[in-house]
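Novice: Sequence first, then the predicted structure, then my questions.
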Amino acid sequence: MVLVTKPNIADADGFYARLLATHRGLSAAESHALNARLVLILANHVGEADVLEAALALARDGA
Amino acid sequence: MAYEYRPFDYVPPPGLTAAEPRHRVAIVGAGPIGLAMAIELANHGVPAVVLDDNNVVSVGSRAICWSKRSLEILDRLGVGQACVDKGVTWKVGRTFHRAAEVFNFDLLPEDGHKMPAFVNLQQYYVEEYLVARAQAMGIELRWKNKVVAVERHADHAVLTVETPDGPYELEADWVIACDGARSPVRGMLGLEFEGELFEERFLIADIQMQADFPSERWFWFEPEFHNGQSALLHKQPDNIYRIDLQLGWDTDPEVEKQPERIIPRIEKVVGHKNFTLDWTSIYTFQCRRLRQFVHGPVLFVGDSAHIVSPFGARGGNGGLQDVDALGWRLAAVVKGAQPAAILAGYDRERVFGADENLLNSSRSTRFMSPEDGVERLFRDAVLHLASRVDFARPMVNSGRLSRPCTYPLVAPDADLPSGARPGSVAPDAPFDDGWLLDALGREFVVLALGQEAPAVPGARGVQPALNDHLRRRYLGSAERAVYLIRPDQVVAARWLTATPDAIAAAMAAGWGG
């Protein structure tokens, strides 16, 4: 499998709003912690080492 | 009952009065690794003299967790059963975050092995048994013989040794440095470790108490009894319990090792005051090794070659695997059957093994003592998730316990079970009325399953009657197989069927290792 980089979420605006809503009311530290948990949860869902590696590289690119 | 230390007798060595004939092998250090090395070589018919600066077994329990592979090696040396009989057998580890269990593991979920997954036994008992065995075999143990200088030559080394009666010189074709993490021999050769020093401080306490803790390894992250830090509890024989407490880097070890500081901490762990302190120590982590373990006539084995953090039980166990990898090769070189070049195989395999141990113990350490910032962020995220969802539990890392590594051999292989692939330690299994591993070792073995063993010069044929365990571990769905197994019980090559020539070629390659 390869990392999906084409649009893949049906309602992109809706997801973005849900993501922000999930963080609402949290301090910056609590938001960082939530994001860390979210990364782990999604990474486990993906599972495949090649895809995870590509995602890590893409996220790191430009950091 | 606290252990009763009995000093061994110092005997003035012959070298004090006249030059001794050159020894084949001199071993520096009579800890578990040096003693095991001497017995292993004696089993291969090679005498060694052992020099130790002290005259007593390990003070304090120190290495306490002996892995299945170590017990198999100790069994071949003649003390395995004594260690199992005296030790506390365990195989389950539990990890807690605060008060909740977040992860557990079972290290030996199947039967059909002679040795258990792990035995907890204080290092002083293991040394006591090894000393008795070495003495019974006539191995010369020289107590209060402190090596203070090493001179390397092309084909031998000269040691300067201090004794209560003055110094003497001792020549040996080979010197094996088994003198521990602070190895004076390493310092005398000007060799340095490379790797990481972790900035974390731990307190070890052995306490004696009557208690009913199960024979399991318990590890806590952020327990309520030890504010924000981690803790480990292990049961040992004689009602001794090992407790490791993370102290944090900012603490002063001189202050923390005072009993009036230690006792209240232990009271919080066990919940009462009804115990006595037997031994305490404060340590920092290092994960480092020598670049090479073979330096001309001087060979490094055990902690003198590599040191790891203690949470994977990879120090003493890693050292015994070094002994396993060196003994048969060095014996063949000393006897003139093989060139000294084969010792490169020891260096290559045990550097590989050390790197695996270093990798695992560095990762555990990073999880237990994350740096502030993103390391702590993800560590805490894993602990947070582990109590609620399964996937995060295997990420909880309180130490990955020592297992023998599979060496990356390039060797004939076949479609057979992966647990017995070339480079792995041959899995144990019931064998007639005993155990397979008892029928392997000390020489190359041609293990033939479902067929007659081809006759190969220099190898011993073994043909067990098949049983379910042998089938599952060595055949899988195949009906027959031939395994070539090295003297250290590592699988050298395997085939469904093989000619004597093919086996002989693999054996020659196996010596080259």
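Specialist: Received it, and whenever you're ready, just let me know what you need. What you see is a predicted model; the values in this text were computed from it and never measured.

Novice: residue farthest from the centroid of chain A?
Specialist: What lies farthest from the middle of chain A is residue A:25; by CA atoms, centre = their mean that is 19.7 Å.

Novice: The helix or strand harbouring residue B:321 - contacts with which helices or strands?
Specialist: Remark: residue B:321 resides in helix B:316-334, with elements defined by DSSP states H and E. Using 3 or more CB pairs under 8 Å, 6 or more residues apart in numbering or on different chains; DSSP states H and E, the elements in contact with helix B:316-334 are strand B:23-28, helix B:32-43, strand B:65-67, helix B:68-77, strand B:166-177, helix B:343-368. In short, each C-beta sits where N, CA and C put it, glycine included.

Novice: So which elements touch the third one?
Specialist: On a contact count with 3+ CB pairs under 8 Å, 6+ apart, strand B:65-67 meets strand B:118-120, helix B:316-334.

Novice: Return the distance of the first one from the chain's centre.
Specialist: For strand B:118-120, the distance from its own C-alpha centre to the chain's C-alpha centre is 12 Å (CA atoms, centre = their mean, to the nearest Å).

Novice: I'd like to know the average pLDDT value across it.
Specialist: Strand B:118-120 shows an average pLDDT of 96 in the prediction.

Novice: pretty sure residue B:160 contacts residue B:166?
Specialist: No: using CB atoms under 8 Å, residue B:160 makes no contact with residue B:166, being 11.1 Å away.

Novice: okay, those two: which has more neighbours?
Specialist: More neighbours surround residue B:160 than the other of residue B:160 and residue B:166, with 15 against 9 (other CB atoms under 10 Å in any protein chain shown).

Novice: So for the more buried one, what pLDDT did the model give?
Specialist: 98.

Novice: Skipping adjacent residues, who's closest to it in space?
Specialist: Closest residue to residue B:160 apart from its sequence neighbours, by CB to CB, 6 or more residues apart in numbering or on different chains: residue B:149 at 3.8 Å.

Novice: Show the contacting residues for that neighbour.
Specialist: B:159, B:160, B:188 (CB atoms under 8 Å, 6 or more residues apart in numbering or on different chains).

Novice: ok, now residue B:335?
Specialist: Applying CB under 8 Å, 6+ apart, we find residue B:335 in contact with B:45, B:46.

Novice: distance of it from chain A?
Specialist: Separation of residue B:335 from chain A (CB to the nearest CB, to the nearest Å): 47 Å.

Novice: Residue B:412 and residue B:328: what is the separation?
Specialist: Taking CB to CB, to the nearest Å as the measure, residue B:412 falls 20 Å from residue B:328.

Novice: For the most centrally placed residue in chain A, which residues are in contact?
Specialist: For chain A, residue A:39 is the residue whose C-alpha lies nearest the centre (CA atoms, centre = their mean; 5.7 Å). Going by CB under 8 Å, 6+ apart, residue A:39 touches B:378, B:381.

Novice: Which pLDDT value goes with it?
Specialist: Per-residue pLDDT puts residue A:39 at 98.

Novice: Identify each buried residue in the strand or helix carrying it, please.
Specialist: Using DSSP H and E, the element containing residue A:39 is helix A:28-46. By neighbour count on 16 or more other CB atoms under 10 Å in any protein chain shown, the buried set for helix A:28-46 is A:32, A:33, A:36, A:37, A:40.

Novice: Give me the below-cutoff pLDDT ranges for chain A.
Specialist: Chain A contains no residues with pLDDT under 70.

Novice: circling back to that earlier point, take the helices and strands packed on helix B:316-334 and write them to a markdown table, including mean pLDDT and distance to residue B:9.
Specialist: Shown next, in a markdown table, are these (pLDDT from 0 to 100; distance: least, CB to CB, whole Å):
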| stretch | mean pLDDT | distance to residue B:9 |
| --- | --- | --- |
| strand B:23-28 | 98 | 19 |
| helix B:32-43 | 98 | 16 |
| strand B:65-67 | 96 | 28 |
| helix B:68-77 | 97 | 23 |
| strand B:166-177 | 98 | 18 |
| helix B:343-368 | 95 | 33 |
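
Novice: Format those as JSON lines; extra columns: distance to residue B:402.
Specialist: Shown next, in JSON lines, are those (distance: least, CB to CB, whole Å):
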{"stretch": "strand B:23-28", "distance to residue B:402": "23"}
{"stretch": "helix B:32-43", "distance to residue B:402": "14"}
{"stretch": "strand B:65-67", "distance to residue B:402": "5"}
{"stretch": "helix B:68-77", "distance to residue B:402": "7"}
{"stretch": "strand B:166-177", "distance to residue B:402": "22"}
{"stretch": "helix B:343-368", "distance to residue B:402": "7"}
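
Novice: how about the residues of the stretch 351-500 of chain B near chain A?
Specialist: B:377, B:378, B:380, B:381, B:382, B:384, B:385, B:389, B:391, B:392, B:395 (CB under 8 Å from any CB of the partner chain).

Novice: Enumerate the residues of chain A near chain B.
Specialist: A:32, A:33, A:36, A:37, A:39, A:40, A:41, A:44.
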